[in-house]
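J.: got a sequence here, can you build the structure:
(2 chains)
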Amino acid sequence: MSETELAMSTGHEVLMEASPYGIEKKKLGMWFFIVSDACTFATFLFGYGYMRVGSQNWGTPFEFGTILNGILMTFVLLSSSLTMLAAVRATQSGQKASANKWLGLTMLLGTVFAILHLREWFKMFGEGWGLFSNPTGGTTQFGACFFSVTGLHLAHVISGVIALLIIMRGYNRGRYDSSHVETAGLYWHFVDLVWMFVFPMMYLMNAR
Amino acid sequence: MSSNQEPGMGSYVGIVIGLMIIVVIEVILTYQHLPVRTLLFSLLCLASLEAFLGIMYLMHVKYESPLLFWTIFPATLFVLVLLNYVWPDAYRMARMGLGK
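T.: Purely as a prediction, here's the structure:
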């Protein structure tokens, strides 16, 4: 084994073989988490498809206003991916102030997404929608599927905002470095990409 | 530990704008009143394209070792293919009028 293939940990004098993937273990761990989480979301979406195909009276209740809100939410989330990339770049070049600005903006956009989402939810609750109720008289499975899938995604966005806040604090205190921000960024982009399936399947396929 | 061949922020802005354009195309398709199966197929293709662009460029898989790609994606695809076992039963429910 060549010397370049070996990495020596400082302090413990332990020789370790370099990762065959060429990435740090926390990043590889995040990739494995993302794969398992992608399978979770896929299971939810397949479950939704199963119920929809098997239902007699599914219905397409969403007016254009709801779709417009969905488009706005999508653009907000896509923009947050861009600010996350800028934050990773800033941490890699050691620009702490810039990193804080971009991370703060990413969290703000994540929060805006969550607010828009909850606003939509509460509007639907006001109209009589719920996990077990459908005011249009169609199948009650619609509400169960819609709130489960979008709720799972919303939980991921809120968790992401909290995770970014923790990473930002750690980065400012010198506990975390750019690789931690990059790993958190992977999660954030994943949450963004999941929405690229949730929006067409849950909103556009149910547009009037 | 990413490679140094990563693109600049300008390229990322281009990719994100591209993703936004795909979302607009999806919305336009939705209001063309296509048959449900055609719309579903079109939306899934466009969403997969968005996911591919996002994974390769925003999540930097294009700039990582190919081993990462070949470790993760065939396994994920395998799970997604296996999940299709639900459809015969869904169509059975529809035919029998069970899903009220």
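J.: so how many other residues sit close to the residue of chain A found nearest chain B?
T.: At 3.3 Å from chain B, A:Gly54 is the closest residue in chain A, using Cβ to the nearest Cβ. All C-beta spots, glycine's among them, are computed from the backbone N, C-alpha and C. The number of residues packed around A:Gly54, counting by other Cβ atoms under 10 Å in any protein chain shown, is 24.
J.: pLDDT score for it?
T.: Reported pLDDT at A:Gly54 in the predicted model: 88.
J.: skip the chain neighbours and tell me the closest residue to B:Leu68.
T.: Excluding the flanking residues, the one nearest B:Leu68 by Cβ to Cβ, 6 or more residues apart in numbering or on different chains is A:Tyr21, at 4.9 Å.
J.: neighbours of the residue nearest to A:Tyr203 when sequence neighbours are not counted, how many?
T.: In space, and not counting its chain neighbours, A:Tyr203 is closest to A:Gly70: 4.3 Å by Cβ to Cβ, 6+ apart. A:Gly70 has 25 neighbours, counted by other Cβ under 10 Å.
J.: from A:Gln95, how far out is the residue of chain A closest to chain B?
T.: Using Cβ to Cβ, to the nearest Å, A:Gly54 is found at 54 Å from A:Gln95.
J.: what about chain A, any weak spots by pLDDT?
T.: Residues of chain A meeting the criterion pLDDT under 70: A:1-15.
J.: tell me which stretches of it form strands.
T.: Ranges of strands within chain A are A:6-8, A:15-17, based on DSSP state E.
J.: doesn't A:His180 make contact with A:Ile167?
T.: Yes. Using Cβ atoms under 8 Å, A:Ile167 is in contact with A:His180, at 5.6 Å.
J.: which stretches of chain A form helices?
T.: Ranges of helices in chain A, per DSSP state H, are A:25-54, A:64-92, A:96-126, A:141-172, A:178-198.
J.: elements contacting the longest one?
T.: Read it as helix A:141-172. Using 3 or more Cβ pairs under 8 Å, 6 or more residues apart in numbering or on different chains; DSSP states H and E, the elements in contact with helix A:141-172 are helix A:25-54, helix A:96-126, helix A:178-198.
J.: let me know which of those helices is tucked in deepest.
T.: helix A:178-198 (a mean of 23; mean count of other Cβ atoms under 10 Å in any protein chain shown).
J.: does it reach chain B?
T.: Yes. Judged by Cβ under 8 Å from any Cβ of the partner chain, helix A:178-198 comes into contact with chain B through A:Ser179, A:Glu182, A:Leu186, A:His189, A:Phe190, A:Asp192, A:Leu193, A:Met196, A:Phe197.
J.: what's the angle from that helix to helix A:25-54?
T.: 10 degrees (axes from the mean of the first three to the mean of the last three Cα atoms, to 10 degrees).
J.: so what's the residue nearest to A:Ala99 when sequence neighbours are not counted up against?
T.: Nearest residue to A:Ala99, sequence neighbours excluded (Cβ to Cβ, 6+ apart): A:Ala90, at 3.9 Å. Counting by Cβ atoms under 8 Å, 6 or more residues apart in numbering or on different chains, A:Ala90 touches A:Lys96, A:Ser98, A:Ala99, A:Lys101, A:Trp102.
J.: A:Thr150 touches A:Val198, doesn't it?
T.: Yes. Counting by Cβ under 8 Å, A:Thr150 does reach A:Val198; the two are 6.5 Å apart.
J.: helix, strand or coil for B:Pro74?
T.: At B:Pro74 the chain is in helix, as set by DSSP: H, G, I helix; E, B strand; the rest coil.
J.: give me the pLDDT value at it.
T.: In this prediction B:Pro74 is given a pLDDT of 93.
J.: also B:Tyr63?
T.: 90.
J.: give me the neighbour count for it.
T.: 14.
J.: quick one: it from B:Ile55, how far?
T.: 12 Å.
J.: swap in A:Phe197?
T.: 13 Å.
J.: nearest spatial neighbour of B:Leu43, skipping sequence neighbours?
T.: Spatial nearest neighbour of B:Leu43, chain neighbours left out: A:Pro200 (4.0 Å); criterion: Cβ to Cβ, 6+ apart.
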